[in-house]
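>>> Next comes the sequence, and after it the predicted model I'd like to discuss.
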Amino acid sequence: MSGRGLDVSVVIPTYGRPQLLERCLLALLAQTLARERFEIIVVDDGHDSRCRDRVQAIAALEGAPLIRYLCPVRGKGPAVARNAGWRAATAPIVAFTDDDTRPETGWLRLGLTAMARHPDWVAASGRVRVPPTSRRRRGVHRAPTDHELMTRGLETAEFVTANAFVRRAALVAIDGFDERFRRPWREDSDLQFRLERLGPVGHATRALVWHPVRPERWGVSLRQQRNVFFDALLYRKHPALYRRRIRRVPPWDYYAIVALTLAAAVLAGSGRIGAAALPMTVALLLMLRIAARRLLHTSRSPAHVVEMLCTSAAIPFLSVYWRLRGAWHFRTPFL
């Protein structure tokens, strides 16, 4: 122990989700680690009085560990919030999770045990599990939606801040998160890559948090395309690692769809309707292939199929737009 006798500081960024935050905090109150060995730092990026009130109410509960509520003094985004949290931390190890997770009761104890057994580790990623939202009907399993399947990707991710233990000294050495990542996307990969320059980043596989699938409005995959703007930043900082561990090749089918559609529009605009039919047909076939790929292991309900068809037609254009915009913004040859 160090500082105030704490072993670990838990940092939770939050933004306008008081009910989810409360669920996460109550799960932390049920930890098997002794209360005097950890603190919880909630960083409210939304400056939301509802979140503040819930944090204060839980902090006042009998037997609760030390819980602090902070708001970033400048900037916005999860990277800013996490930096504010770990810089305020007093323990030698910082445990990161998100406001929409539910840590298992042994999460902190098992994470600390893994870090103690491997003093050369600068950090460790815990295990994330996504409980299924689908139900069985008359004994038949209902397939997940595309959104649920995407969320399940957290289970196989190398390193995510939904469940990570990092030595505070390592965070000081690399100056924490890069605050240019203004959305919850790729900032954890960037942190991992920079930590690996200091030493091993291990796996605390017994330290488990649950990450339930959040309900989303129709077309969530379209809104998520904005994330690839920050892929360009990650690529600029770590081009070789990005190609080896994130995405080996650009989405050439997306670029082909955009190019073919533009060619068809130019041909049609010049009065060559027949010539425009071929590139447009090829573009539509590529869109259908994207939709089929997304439906391969997901729900075939009529509503979901319609959503996949519609969004698969729009995703290539949105993705290419945000990719090229990110490449221009961060001045990197990213495709």
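Structure received.
>>> contacts and neighbour counts: CA atoms only from here.
Will do.
>>> Going along the chain, name the strands of the stretch 1-150 of the chain.
Assigned by DSSP state E, counting those that start in this stretch, the stretch 1-150 of the chain shows strands spanning 8-14, 38-44, 66-70, 93-96, 102-103, 123-129, 136-137, 140-141.
>>> So which elements touch whatever helix or strand residue 256 lives in?
For residue 256, the enclosing helix or strand under DSSP states H and E is helix 252-269. Helix 252-269 sits against helix 273-295, helix 302-329, with contacts defined as 3 or more C-alpha pairs under 8 Å, 6 or more residues apart in numbering; DSSP states H and E.
>>> Only the buried residues of the last one, if you could.
Of the residues in helix 302-329, 304-305, 307-313, 315-327 count as buried by neighbour count, 16 or more other C-alpha atoms under 10 Å.
>>> What of the shortest one?
By 16+ other C-alpha under 10 Å, the buried positions in helix 273-295 come out as 276, 279-280, 283-284, 286-288, 290-292, 294-295.
>>> List of residues touching stretch 39-51?
Outside stretch 39-51, the residues that touch it by C-alpha atoms under 8 Å, 6 or more residues apart in numbering are 6, 8-18, 21, 52, 55, 65-72, 76-78, 81-82, 84-85, 89.
>>> how about the closest residue to residue 225 other than its chain neighbours, what does it touch?
Nearest non-adjacent residue to residue 225, counting by C-alpha to C-alpha, 6 or more residues apart in numbering: residue 319, 5.4 Å away. Listed by C-alpha under 8 Å, 6+ apart, the contact set of residue 319 reads 225, 226, 228, 254.
>>> And the buried ones among the residues you listed, selectable in ChimeraX?
Buried residues within the contacts of residue 319, by 16+ other C-alpha under 10 Å, are selected in ChimeraX with:
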select :225,226,228,254
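>>> Let's see which of the contacts of residue 319 end up in helices.
Residues of the contacts of residue 319 located in helices (DSSP state H): residue 254.
>>> Next, give me the two most distant ones among the contacts of residue 319.
Greatest spacing in the contacts of residue 319, by C-alpha to C-alpha: 226 and 254 (15.0 Å).
>>> Per-residue pLDDT of residue 75, please?
Looking at residue 75, its pLDDT is 87.
>>> Not counting its neighbours along the chain, what's nearest residue 194?
Counting by C-alpha to C-alpha, 6+ apart, the residue nearest residue 194 is residue 174, at 7.1 Å.
>>> now swap in residue 85 and tell me
That would be residue 11: by C-alpha to C-alpha, 6+ apart, it lies 5.6 Å from residue 85.
>>> That neighbour and residue 91 touch, don't they?
No: counting by C-alpha atoms under 8 Å, residue 91 is not a contact partner of residue 11; they are 11.2 Å apart.
>>> related to what we said a few turns ago, now do the buried residues in the helix holding residue 256.
Buried residues in helix 252-269 (16+ other C-alpha under 10 Å): 254-265, 267.
>>> just stretch 177-189 next, same as before
Applying 16+ other C-alpha under 10 Å to stretch 177-189 flags 177, 179, 181, 182, 183, 185, 186, 187, 188, 189 as buried.
>>> quick one: contacts of it?
The contact list for stretch 177-189 (C-alpha under 8 Å, 6+ apart) reads 76-80, 82-83, 159-161, 190-191, 227, 230-231, 233-234.
>>> Then stretch 156-173?
So stretch 156-173 is contacted by 86, 91-98, 101, 111, 115, 122-128, 154, 188-189, 192, 195, 198, 208-209 (C-alpha under 8 Å, 6+ apart).
>>> buried ones in that stretch?
For stretch 156-173, by 16+ other C-alpha under 10 Å, it's 158-168, 170-171.
>>> repeat for stretch 70-87
For stretch 70-87, a neighbour-count test (16+ other C-alpha under 10 Å) marks 70-72, 76-86 as buried.
>>> And stretch 214-226, by the same measure?
221, 222, 225, 226.
>>> and if you look at stretch 118-132?
In stretch 118-132, counting by 16+ other C-alpha under 10 Å, buried: 121, 122, 123, 124, 125, 126, 127, 128, 129, 130.
>>> For residue 144, state which of those residues is nearest.
residue 130 (11.6 Å).
>>> Give me the pLDDT for the nearest residue to the closest one once chain neighbours are set aside.
By the measure of C-alpha to C-alpha, 6+ apart, the closest residue to residue 130 outside its immediate chain neighbours is residue 211, 5.0 Å from it. Residue 211 is assigned 97 on the pLDDT scale.
>>> residues in contact with residue 211?
100, 101, 102, 128, 129, 130, 131.
>>> Turn those into JSON lines, columns for distance to residue 146.
As requested, those are arranged in JSON lines below (distance: C-alpha to C-alpha, whole Å):
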{"residue": "100", "distance to residue 146": "19"}
{"residue": "101", "distance to residue 146": "20"}
{"residue": "102", "distance to residue 146": "22"}
{"residue": "128", "distance to residue 146": "19"}
{"residue": "129", "distance to residue 146": "17"}
{"residue": "130", "distance to residue 146": "14"}
{"residue": "131", "distance to residue 146": "15"}
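>>> Just send those back as a markdown table, with pLDDT and distance to residue 334 too.
Listed next are the contacts of residue 211 as a markdown table, based on pLDDT from 0 to 100; distance: C-alpha to C-alpha, whole Å:
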| residue | pLDDT | distance to residue 334 |
| --- | --- | --- |
| 100 | 97 | 32 |
| 101 | 98 | 33 |
| 102 | 98 | 36 |
| 128 | 98 | 30 |
| 129 | 97 | 32 |
| 130 | 96 | 32 |
| 131 | 93 | 35 |
